[in-house]
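Trainee: Have a look at this prediction, sequence included:
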Amino acid sequence: MSVIELARLPRIVAGPDARARLAELAGGGARVLLVADPGLKASGRIDEIEAVMRKGGARVAVFTELQSDPTIEQADAAAALAREHGADTVVALGGGSALDLGKTVAAVAPASASAGIYQLCEAPFPAKPLRKICVPTTAGTGSETTRTAILTRADHAKVWLWGDEIKADVVVLDPELTRTLPPHLTAATGIDALVHAVEAATNRNANSASDLYAFEAIRLVSRHLLRAIEAPDDLEARGGMLWAAAYGGVAIDNSGTAIAHALGHALGSLKPIHHGRAVGVAMLASLPWNVEDNEKFARCAEAMGAKATGIGFIDAFEKILRASGVKISLREEFAGVTPEALAVQTERPENDAMLSSNRRAASRADLIGIAERMLAP
Ligand SMILES: [Zn+2]
C-alpha cells in the first residue's frame, strides 16, 4: 500500500440563492476586491453581487479588466487595486478565467512583485494570502476547487501557478448563476468536467480518495448535463452540474489529468478553440488506443450506467458528446494543421506532466495516430 493524500477542500456552500450568503461568508466589515467577468455586466449580475456584499457591511472595489485567458499583466493590475483598496478578501465571480485571476490576485497581492515571478513554482508565494471566495458562473473548469491557475505571459505562452495559497477558502455554488449560460457553453464546459473526472480516475496518479470524487462527478454529469442543455432553467440539473464540476476539480487537484488534456492544450495553442470542446474531441479520438489494459475505463462506463467494459465507455462517451451538441469535426477550423504538427506540439514541455501521467505511454507514432483521428473529417 502506498501513501496517499487528499488535499484540503474548500468550505462549499451550495443551493439556489446561496449567493445571498456572500456578505456573511466574506465576514462583516470585510474589504473585498470583487474580480468579475466583464461579460456579466450586461445582466446586472456584478451590480447585484456587489450590492449583496455592501448590504452586509463589506467595502467593495470591483475589477473587471480581464479577458478569457487572463494575462499576468491583468493579474498585476488587479493586485495593485487590491493593495490600494486594502483588501483582505477576494471574491472571484465568473468562469475559469475570472476564478484563475481572482485566486492569483489573492495569493500575490500581499507582496508587490509581479505574478510572473511565481510561474511554474519559480518563487514561493508571500506568506499570508488574502481570503478567496470563488463563485463560478459556469460548471466545468473546476478552478473553484483546485490550487492551480493558468495565466498567459506577454509572449503568449500559457503558464501555471500552483500552491495551497491559490486555493479557494470558500466556494459558493448557486445554480441561479449558471441559468443564463447558453447551451453550447453549458455543453462544452460540462464535457470538460466529465473529461477531468475520467482522466483523474484512469491515469497513473489515481487513488481511492480522488476516485471518490471522480466517479461521483461522472455520475452527476451523466445524470444532469443533457437536461441542463435542454432545459436551462432546471435548477436541479444546473446544481448537479455545479457539483460535478467542483468534484471534478477535487479529482484533478489530487490526481491531475492525462493525454486528452495534453492534446487539447496542444490543439488550443495551434488555433483558438473552446477548451471543453478541445479535450472532448481529444478524448474521443484517444479512447480506442487508451482503454486497452486499463480496467478503470470499465468503472467509468459503470458510473455512466453503461456496459462495464472499455468499449462500453467509448460508446457512452461518444453518445453524451454527440448528444451535447459539441462540434466534433475540426476540419473547418483546423484545415492546414497536420497530425505531425499536433503530435509535436503535444510533446512540448508544457504538456509533459499531463502526457506522462497517462497510464499508457504514448510514442510519437501513437500521438500521430490519435491526432489523425482528431483531425479527420
Ligand atoms: Zn479541462
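Mentor: Structure's in. What do you need? Numbers count the residues shown, from 1 in each chain.
Trainee: how about the most centrally placed residue in the chain, secondary structure?
Mentor: Central residue check for the chain by C-alpha atoms, centre = their mean: the C-alpha nearest the mean position is that of residue 141, 1.8 Å away. Following DSSP: H, G, I helix; E, B strand; the rest coil, the label given to residue 141 is coil.
Trainee: For the nearest residue to it once chain neighbours are set aside, give me the pLDDT.
Mentor: Excluding its sequence neighbours, the residue lying closest to residue 141 (C-beta to C-beta, 6 or more residues apart in numbering) is residue 96, at 3.3 Å. Where you see a C-beta, it was placed from the backbone N, CA and C, and this is true even at glycine. At residue 96, the pLDDT value in this model is 95.
Trainee: for residue 377, same thing?
Mentor: With respect to pLDDT, residue 377 scores 67.
Trainee: Which parts of the protein are strands?
Mentor: Assigned by DSSP state E, the chain shows strands spanning 11-14, 31-36, 59-63, 89-94, 131-136, 148-152, 158-162, 170-173.
Trainee: Only the buried residues of the third one, if you could.
Mentor: So the one you mean is strand 59-63. The neighbour-count check on strand 59-63 (16 or more other C-beta atoms under 10 Å) flags 60, 61, 62, 63 as buried.
Trainee: And the contacts of stretch 353-365?
Mentor: By C-beta atoms under 8 Å, 6 or more residues apart in numbering, the list of residues contacting stretch 353-365 from outside reads 202-205, 255-259, 261-262, 265, 289-290, 292-294, 296, 343, 346-347, 370.
Trainee: Which members of those are classed as buried?
Mentor: The neighbour count (16+ other C-beta under 10 Å) marks 202-203, 205, 255-259, 261-262, 265, 290, 294, 296, 343, 346, 370 as buried among the contacts of stretch 353-365.
Trainee: For the longest helix anywhere in the chain, C-alpha coordinates in CSV please.
Mentor: Longest helix in the chain by number of residues (criterion: DSSP state H): helix 208-230. C-alpha atoms of helix 208-230 as CSV (Å, rounded to 0.1, in the frame of the first residue of the first chain):
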residue,chain,number,x,y,z
SER,A,208,-9.0,5.6,-3.7
ALA,A,209,-9.6,9.1,-2.3
SER,A,210,-9.6,11.1,-5.6
ASP,A,211,-11.7,8.3,-7.2
LEU,A,212,-14.5,9.0,-4.7
TYR,A,213,-14.8,12.5,-6.3
ALA,A,214,-14.1,11.4,-9.9
PHE,A,215,-16.7,8.7,-10.1
GLU,A,216,-19.3,10.9,-8.4
ALA,A,217,-18.6,13.7,-10.9
ILE,A,218,-19.0,11.2,-13.8
ARG,A,219,-22.4,10.0,-12.3
LEU,A,220,-23.5,13.6,-11.9
VAL,A,221,-22.6,14.7,-15.5
SER,A,222,-24.4,11.6,-16.8
ARG,A,223,-27.5,12.5,-14.9
HIS,A,224,-27.6,16.2,-15.4
LEU,A,225,-25.7,17.5,-18.4
LEU,A,226,-28.2,16.9,-21.2
ARG,A,227,-31.0,18.1,-19.0
ALA,A,228,-29.1,21.4,-18.3
ILE,A,229,-28.6,21.9,-22.0
GLU,A,230,-32.3,21.1,-23.0
